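Fold the stuff below for me.
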Amino acid sequence: MTKFAIRFLTLAIYAMALVAAPMANSAKAAGSDSPAPATDTTKDTTDPSWADDQGVKDYIALIEKYVPESDRASDRSSAGGYTAAQAMAEVLRRAGDDLTRANIMKIVSNIDHLTLPIYLPGISLNTSPDNLFPMRVTYMKRYNGTRWDIIGKPIAESE
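Below is the predicted model:
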């Protein structure tokens with residue numbers, strides 16, 4: 001897969017994560033029992049197969065503590081903001097007291113295999129001064145009528 005394709009797919013992931021409705025519910029509302037395959041980088045926190053995963057448990061605990069009960073169903077499936085906040089917290093931790101633009105840019109342009117608790121296995125953030133796009137791997141998935149199933153192995157951008 002080309003760099004452009006993997007970046008386009010990853011940007012699509014972020015766009016979907018910003019929409020708080022679960023993808024499955026969106027597909028059903030659109031009248032589709034079998035939506036087209038999609039891409040993803042995070043564990044589906046509504047999928048029972050991840051119920052014992054510590055990262056998912058921590059995410060759900062946060063949602064249950066801070067999100068009103070009426071909003072929990074949609075917020076459990078919108079982990080994009082959660083991972084973005086975790087990545088930003090890591091950057092700030094690495095910056096320490098030096099919160100200058102120069103230091104923040106130095107840190108964010110040298111991230112090496114930063115994994116976050118609800119990323120799918122094999123997913124990490126990686127940047128360099130020449131490539132600030134942090135996601136270079138994704139998974140394809142397909143909706144089976146009740147949940148999203150991962151299809152095959154992770155797809156990485158080609159160099």
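
how far away is the most centrally placed residue in the chain from M105?
Nearest to the mean C-alpha position of the chain, by CA atoms, centre = their mean, lies T42 at 4.1 Å. Computed as CB to CB, to the nearest Å, the T42 to M105 distance reads 26 Å. For the C-beta atoms, the positions are set from N, CA and C on the backbone; glycine is no exception.

Same check on D149?
39 Å.

lowest-pLDDT helix or strand in the chain?
helix 3-18 (a mean of 46; mean pLDDT, DSSP states H and E).

CA atoms only: put the top strand by length along the chain into CSV for me.
Using DSSP state E, we find that the single longest strand of the chain is strand 148-156. Extracted in CSV, the C-alpha atoms of strand 148-156 (Å, rounded to 0.1, in the frame of the first residue of the first chain):
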residue,chain,number,x,y,z
TRP,A,148,-16.5,-5.2,13.3
ASP,A,149,-14.1,-8.1,12.6
ILE,A,150,-10.5,-7.5,11.8
ILE,A,151,-9.6,-8.8,8.4
GLY,A,152,-6.1,-10.2,8.1
LYS,A,153,-2.8,-8.7,9.3
PRO,A,154,-1.9,-5.0,9.8
ILE,A,155,-1.3,-3.0,6.6
ALA,A,156,1.8,-0.8,6.6
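
Partner strands of that strand, with direction?
strand 137-143 (antiparallel) (DSSP bridges).
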